[in-house]
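Visitor: My questions concern the predicted model and sequence given below.
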Protein chains: 2
Amino acid sequence: MPTEPTHRFLRACQRLPVEQTPIWLMRQAGRYLPEYMKVRQQAGDFLTLCKNPELATEVTLQPVCRFGVDAAILFSDILVIPEAMGMGLTFGSGEGPILEPVLRSAADLDRLTPVDPEDQLGYVLQTVTLIRRALNEKTPLIGFSGSPWTLATYMVEGGSSKTFRYIKGMLFDQPAVLHRLLDRLSGVVADYLNAQIAHGAQAVQIFDTWGGVLGPQEFMEFSLRSMQQVIQRLHRVGPDGQKVPVILFSKGCGAQLEAMVESGCDVVGLDWTTDLGLARQRVQGRVALQGNLDPAVLYAAPERVRQAVRQLLQAYGPHPGHIFNLGHGMAQDMDPERVVDLVAAVQEESRIILRT
Amino acid sequence: MPTEPTHRFLRACQRLPVEQTPIWLMRQAGRYLPEYMKVRQQAGDFLTLCKNPELATEVTLQPVCRFGVDAAILFSDILVIPEAMGMGLTFGSGEGPILEPVLRSAADLDRLTPVDPEDQLGYVLQTVTLIRRALNEKTPLIGFSGSPWTLATYMVEGGSSKTFRYIKGMLFDQPAVLHRLLDRLSGVVADYLNAQIAHGAQAVQIFDTWGGVLGPQEFMEFSLRSMQQVIQRLHRVGPDGQKVPVILFSKGCGAQLEAMVESGCDVVGLDWTTDLGLARQRVQGRVALQGNLDPAVLYAAPERVRQAVRQLLQAYGPHPGHIFNLGHGMAQDMDPERVVDLVAAVQEESRIILRT
């Protein structure tokens, strides 16, 4: 029988009362931090850093130490799954990831190898173990994976895309092949997240970065459905007997909020194009909401950051179930000092609002 | 006193009954057409082509001749306005436009020169005149402009952007400066569209390509409001005494549909992430709707194109006020033959649905 968590991040995920709104930031460990750049240079390149549990642990902890955010998130990349399935993964300098050879047909899918997370993704699980040990119960750890749809876009396109020509060609012309790929990915993602949970991840987030390039019907059929399959297979209680909340973040999909609520997740992440106050009314207390500051506010002055924080906290109001976050990840040209301002503003302003 | 138009595109803009749903395609004249590439090579580069009224007329007519679409759209670029205001405009090879020197402060705005469309943008107006003459009343001509917000993003960023760092920095830190720029642009855009109307444009579309990067409040304040100012200043009756409909297209802003309806436009363009059937219910006959096929459907087989067309036409139903279009522009790697299939499917399938 799970007991009530004490960390405010985990409490907010379960819509339990908190005195202060928890905050963490997508891509909080990254290139905008000088201490990250140091470790990154030490590792040589991004993928080597991801695969080195000691260094990955170090960069995971950096924003927790520097800013006192309410959750750590595993430092890794969503594309370690396609690599574990046998695809070649490289990160070109500044040009984004390259996955090869690309998947374009049913026959191509047969090339994919089965994944035992303890085997091919053991370095991630080892990182989870090390982070939990280092955090020493002070801050909870979030594990994560890309969504099946988002992973499929990279595997079929061979990297990032603007037009999504090949994955959408497959979606419209060979939906059965795409469903086979997505089903396969749902299994791998579920196993991978369950392994992260077994090794100590106290919450998990599914990043559906490219859900928003789909029309409403296609989003339901090709993105949300496979995320639902993942969620159904997740172990929602960790080895410590505590509930493990699931956060679903489909960027650009605020219009499909009601459907996301039905997915079985505990928390829906929102980008800044959705009104947080209206969103809270729409979900009617069935899930917690995470978000949703426009990250570009961090390019503005400290007073403006505070004003934006206040507006967002007021829009959500003095209700349980809000986790403060950006609507998208930190950018590399952002100033860490603005994050200091942001965290202080969330802490101070939310205490005022939650007292009322 | 305007009389009822006869062209089905203009009739649909006014929500008058038609026997067949009109269709045109954003970026219907462009690099996917071999005949366009020929003229483009002849011109030398893109901007020279835009500034050559004879050649710009020729490429405007190409998709009308090849596909029999129901409207021509002026071949030009939204960035001719910043250039007319004194900024240097160049198109790097494949890297998108460069505008310089960038605007970052109130003082920078003072550098912008007043625009008399008949003077600095005379080549566009001459093109409008030539196209109207060539079309000879057979097909109506749509003029266009970028929205003030979208133009401002290019002028402040110095080109395309992923993070919109500078324009959003200005929005959050110096909103008064941004409003001054937007007010200035609203005036120029209105004058420019009025000049296009005076020279024969029979409808005008405002392209708000980057409205969707804004949160709901910011969209209202910085994008929609300036488009409203433009619309209020437009001459809605052409030199022939006919009504000139205004089409507003804010990409990625389907959630703000009700607000866009209130802008005073006649038609709202939608991208494919908004459900067309629900959108029709939401607008309650107050505007016509344009859209909203995912352009990526054109990467699929002809039968699949037809199926997608049928779904979309059925979603709108046998009601007046639908203009078929893509939810975004044609891409350069698309096959013109799929456009043939698309146009035939819209013509044939809509006749069946509109008979019921």
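Guide: That came through, no problem. Small disclaimer: the values here were computed from a predicted structure and weren't measured.

Visitor: hey, let's count contacts and neighbours off CA atoms from now on
Guide: Will do.

Visitor: interface residues of the stretch 101-250 of chain A facing chain B?
Guide: Contact residues, the stretch 101-250 of chain A versus chain B (C-alpha under 8 Å from any C-alpha of the partner chain): A:163-165, A:168-170, A:172-173, A:212-216.

Visitor: Quick one, which of the residues you listed are buried?
Guide: Buried subset of those (neighbour count, 16 or more other C-alpha atoms under 10 Å in any protein chain shown): A:F164, A:R165, A:K168, A:G169, A:M170, A:F172, A:D173, A:G212, A:V213, A:L214, A:G215, A:P216.

Visitor: Which element, helix or strand, includes the third one?
Guide: Pointing back at A:K168 there. Using DSSP states H and E, A:K168 sits in helix A:165-173.

Visitor: Which strands and helices lie in contact with the least confident helix or strand in chain A by mean pLDDT?
Guide: Using mean pLDDT, DSSP states H and E, the weakest-scoring helix or strand in chain A turns out to be strand A:88-92, at a mean of 91. Contacts defined by 3 or more C-alpha pairs under 8 Å, 6 or more residues apart in numbering or on different chains; DSSP states H and E place strand A:88-92 against helix A:46-50, strand A:96-100.

Visitor: just for chain A, where's the confidence low?
Guide: For chain A, the stretches flagged by pLDDT under 70 are A:1, A:94.

Visitor: Which residue ranges of the stretch 251-356 of chain A form helices?
Guide: Ranges of helices in the stretch 251-356 of chain A, per DSSP state H, counting those that start in this stretch, are A:257-261, A:276-283, A:302-316, A:336-355.

Visitor: Quick one: closest of those helices to B:R104.
Guide: Among those, helix A:302-316 comes nearest to B:R104, with 17.8 Å by C-alpha to C-alpha.

Visitor: Show me which positions of that closest one end up buried.
Guide: Residues of helix A:302-316 classed as buried: A:P302, A:R304, A:V305, A:R306, A:A308, A:V309, A:R310, A:L312, A:L313, A:Q314, A:Y316 (neighbour count, 16+ other C-alpha under 10 Å).

Visitor: if I look at the first one, how far off is A:A308?
Guide: Read it as A:P302. A:P302 is 10 Å from A:A308, where distance means C-alpha to C-alpha, to the nearest Å.

Visitor: residue ranges for the strands of the stretch 1-150 of chain A, please.
Guide: Using DSSP state E, counting those that start in this stretch, the strands of the stretch 1-150 of chain A run over A:72-73, A:88-92, A:96-100, A:141-146.

Visitor: Of those strands, which stretch is the most buried?
Guide: Among the strands of the stretch 1-150 of chain A, strand A:72-73 has the highest mean neighbour count (mean count of other C-alpha atoms under 10 Å in any protein chain shown), at a mean of 27.

Visitor: Can you tell me the strand partners of that strand and which way each runs?
Guide: In the sheet, strand A:72-73 lines up against strand A:141-146 (parallel) (DSSP bridges).

Visitor: outside of the partner strand, which residues touch it?
Guide: Residues from elsewhere that reach strand A:141-146 (C-alpha atoms under 8 Å, 6 or more residues apart in numbering or on different chains): A:71-74, A:78-79, A:128, A:131-132, A:189, A:192-193, A:196-197, A:200-209.

Visitor: which residues are contacting the longest helix seen in chain A?
Guide: Looking across chain A with DSSP state H, the single longest helix is helix A:175-198. Helix A:175-198 is contacted from outside by A:81, A:105-106, A:109, A:115-118, A:124-125, A:128, A:143-149, A:151-152, A:170-171, A:203-204, A:222, A:226-227, A:229-231, A:233-235, A:238-239, A:244, using C-alpha under 8 Å, 6+ apart.

Visitor: right, and the helix or strand after that helix?
Guide: The first helix or strand that comes after helix A:175-198 along the chain, using DSSP H and E, is strand A:203-208.

Visitor: before we move on, the earlier item: how far out from the middle of the chain is the helix holding A:K168?
Guide: How far helix A:165-173 lies from its chain's middle: 25 Å, per C-alpha atoms, centre = their mean, to the nearest Å.

Visitor: Could I have the CA atoms of it written out in PDB?
Guide: Output of helix A:165-173 as PDB, limited to C-alpha atoms (Å, rounded to 0.1, in the frame of the first residue of the first chain):
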ATOM      1  CA  ARG A 165       7.700  13.400 -45.800                       C
ATOM      2  CA  TYR A 166       8.600   9.700 -45.200                       C
ATOM      3  CA  ILE A 167       6.800   9.000 -42.000                       C
ATOM      4  CA  LYS A 168       3.700  10.700 -43.300                       C
ATOM      5  CA  GLY A 169       4.000   8.900 -46.600                       C
ATOM      6  CA  MET A 170       4.100   5.700 -44.500                       C
ATOM      7  CA  LEU A 171       1.200   6.800 -42.300                       C
ATOM      8  CA  PHE A 172      -1.100   7.500 -45.300                       C
ATOM      9  CA  ASP A 173       0.100   4.800 -47.700                       C
END
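
Visitor: Could you check the angle that helix makes with helix B:302-316?
Guide: Inter-element angle recorded for helix A:165-173 and helix B:302-316: 70 degrees (by axes from the mean of the first three to the mean of the last three C-alpha atoms, to 10 degrees).

Visitor: contacting residues around helix A:165-173?
Guide: Outside helix A:165-173, the residues that touch it by C-alpha under 8 Å, 6+ apart are A:104, A:152-153, A:156-157, A:177-178, B:296-297, B:299-301, B:304.

Visitor: nearest to B:E4, of those?
Guide: Looking across the contacts of helix A:165-173 and measuring by C-alpha to C-alpha, the closest to B:E4 is B:V297, at 34.3 Å.

Visitor: Check the gap between the closest residue to the closest one other than its chain neighbours and B:R355 for me.
Guide: Of all residues not flanking B:V297 in the chain, B:V305 sits nearest, at 6.1 Å (C-alpha to C-alpha, 6 or more residues apart in numbering or on different chains). Distance of B:V305 to B:R355, given as C-alpha to C-alpha: 22 Å.

Visitor: Same question for A:L178.
Guide: The gap separating A:L178 from B:R355 is 37 Å, by C-alpha to C-alpha.

Visitor: what does A:K251 give?
Guide: Distance of A:K251 to B:R355, given as C-alpha to C-alpha: 40 Å.

Visitor: Who has more neighbours out of those two?
Guide: Remark: of A:K251 and B:R355, A:K251 carries more neighbours, 20 against 10, as counted by other C-alpha atoms under 10 Å in any protein chain shown.

Visitor: hang on, the earlier thing: which of the residues in the longest helix of chain A are classified as buried?
Guide: Neighbour counts using 16+ other C-alpha under 10 Å place A:175, A:177-179, A:181-198 of helix A:175-198 among the buried residues.

Visitor: who are the neighbours in contact with A:P148?
Guide: A:P148 makes contact with A:L182, A:D183, A:L185, A:S186, A:V189, A:D208, A:S223, A:S226, A:M227, according to C-alpha under 8 Å, 6+ apart.

Visitor: can you list the residues you listed in CSV and add distance to B:T6?
Guide: Below are these laid out as CSV (distance: C-alpha to C-alpha, whole Å):
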residue, distance to B:T6
A:L182, 49
A:D183, 52
A:L185, 53
A:S186, 53
A:V189, 56
A:D208, 47
A:S223, 44
A:S226, 48
A:M227, 50
